[in-house]
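*Asks:* 3D, please:
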Amino acid sequence: MSTSILDARNSPLKLKRLSDIRRTELRQAAFAVLQREGIAGATIEKVAAQAGASKGIVLHYFSSKQELFEHAMRESNLVLRKAVVARLRHAQTPMQRVDAIIDGNFEPHLFQPSLCYAWLSLCAEVPRDAKLARIQKVLHARMRSNLLSGLSALALPEDAEEIALGVTALIDGLWLRLGLQPGSVSREQAIRQVKSYVAARLAMREPVPAGG
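*Replies:* Below you'll find the predicted structure:
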């Protein structure tokens with residue numbers, strides 16, 4: 001076998017790709033464990049078993065349980081963001097943008113008790129973990145920005161900000177509710193609650209000046 005082929009097989013780029021794939025697999029395994037155990041019951045050993053790897057392999061990629069579950073939170077954010085972005089691509093009006101964001105946050109494969117519980121478990125650590133707090137802050141900032149991209153054309157700035165805050169709080173609350181009480185709220189009910197709030201607030205708004 002030629003040296004050039006060996007070099008290609010063991011190139012830094014290929015090794016980096018393999019490393020990225022393994023880290024993604026471990027993040028996904030960590031989130032799966034969180035869905036069953038919550039963060040209190042989740043361990044490196046359980047994540048390793050979920051991933052079909054050794055504890056040593058997990059610690060090779062993540063230095064601690066804390067770092068691993070920070071990355072699990074990022075992984076869950078990525079899945080949610082992709083769902084919202086996919087719907088936003090088809091939105092053609094400001095109201096459709098708002099609806100796409102709401103619908104995307106309650107995708108059938110995401111708005112499930114186990115996922116809500118895992119998210120709740122991570123959020124419970126936010127007050128004690130600065131990195132998790134930053135991730136949560138980024139998530140809320142992205143939600144606000146996405147919502148304002150539609151609401152800014154439908155309401156005055158101060159009204160748009162208030163509605164965006166209300167939508168975010170409702171979505172957080174509905175995820176919390178399903179995580180704490182499986183079966184207490186359906187996807188359809190959740191979407192209806194949030195969209196009814198938006199419709200009611202927009203009906204109360206000051207008109208947007210022409211050209212604004």
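
*Asks:* going by residue numbers, what spans are helices in the protein?
*Replies:* For the chain, applying DSSP state H gives helices covering 3-9, 12-41, 44-51, 55-61, 65-88, 94-104, 113-123, 130-151, 157-180, 187-204.

*Asks:* dump these to TSV, plus mean pLDDT and mean neighbour count.
*Replies:* From N, CA and C alone the C-beta is placed, and that goes for glycine too. TSV is the format used below for the helices of the chain (pLDDT from 0 to 100; neighbours: other C-beta atoms under 10 Å):
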stretch	mean pLDDT	mean neighbour count
helix 3-9	44	9
helix 12-41	82	16
helix 44-51	94	18
helix 55-61	92	15
helix 65-88	89	18
helix 94-104	97	20
helix 113-123	87	20
helix 130-151	93	17
helix 157-180	96	18
helix 187-204	97	15
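
*Asks:* dump the residue contacts of Phe31.
*Replies:* Contact analysis of Phe31 by C-beta atoms under 8 Å, 6 or more residues apart in numbering lists 72, 75-76, 118.

*Asks:* spatially nearest residue to the most centrally placed residue in the chain, not counting backbone neighbours?
*Replies:* Central residue of the chain (C-alpha atoms, centre = their mean): Asn77, 2.6 Å from the mean position. Nearest non-adjacent residue to Asn77, counting by C-beta to C-beta, 6 or more residues apart in numbering: Leu139, 5.7 Å away.

*Asks:* cool, and Arg201?
*Replies:* The shortest distance from Arg201 to any residue other than its chain neighbours is 4.8 Å, reached at Ile163 (C-beta to C-beta, 6+ apart).

*Asks:* got the contact list for that neighbour?
*Replies:* Contacts for Ile163 (C-beta under 8 Å, 6+ apart) come out as 147, 151, 155, 198, 201-202.

*Asks:* same check on Leu202?
*Replies:* 154-155, 163.

*Asks:* also Asp103?
*Replies:* Counting by C-beta under 8 Å, 6+ apart, Asp103 has contacts 87, 191.

*Asks:* hmm, back to that, what's the farthest-apart pair in the contacts of Phe31?
*Replies:* Glu75 and Ala118 (10.7 Å; C-beta to C-beta).

*Asks:* verify the stated contact: Leu147 with Ala169.
*Replies:* No. Between Leu147 and Ala169 there is no contact under C-beta atoms under 8 Å: 11.8 Å.

*Asks:* let me know the pLDDT of Gly212.
*Replies:* Turning to Gly212, the model gives it a pLDDT of 51.

*Asks:* list the residues that contact Arg187.
*Replies:* Counting by C-beta under 8 Å, 6+ apart, Arg187 makes contact with 106, 108, 111.

*Asks:* one more: Ala203?
*Replies:* Listed by C-beta under 8 Å, 6+ apart, the contact set of Ala203 is empty.

*Asks:* re earlier: and which of the contacts of Leu202 is nearest Glu37?
*Replies:* Taking C-beta to C-beta as the measure, Glu37 lies nearest Ile163 of those, at 36.8 Å.

*Asks:* from Arg187, how far off is the closest one?
*Replies:* From Ile163 across to Arg187, the span is 21 Å (C-beta to C-beta, to the nearest Å).

*Asks:* do Leu80 as well
*Replies:* Distance from Leu80 to Arg187, by C-beta to C-beta: 14 Å.
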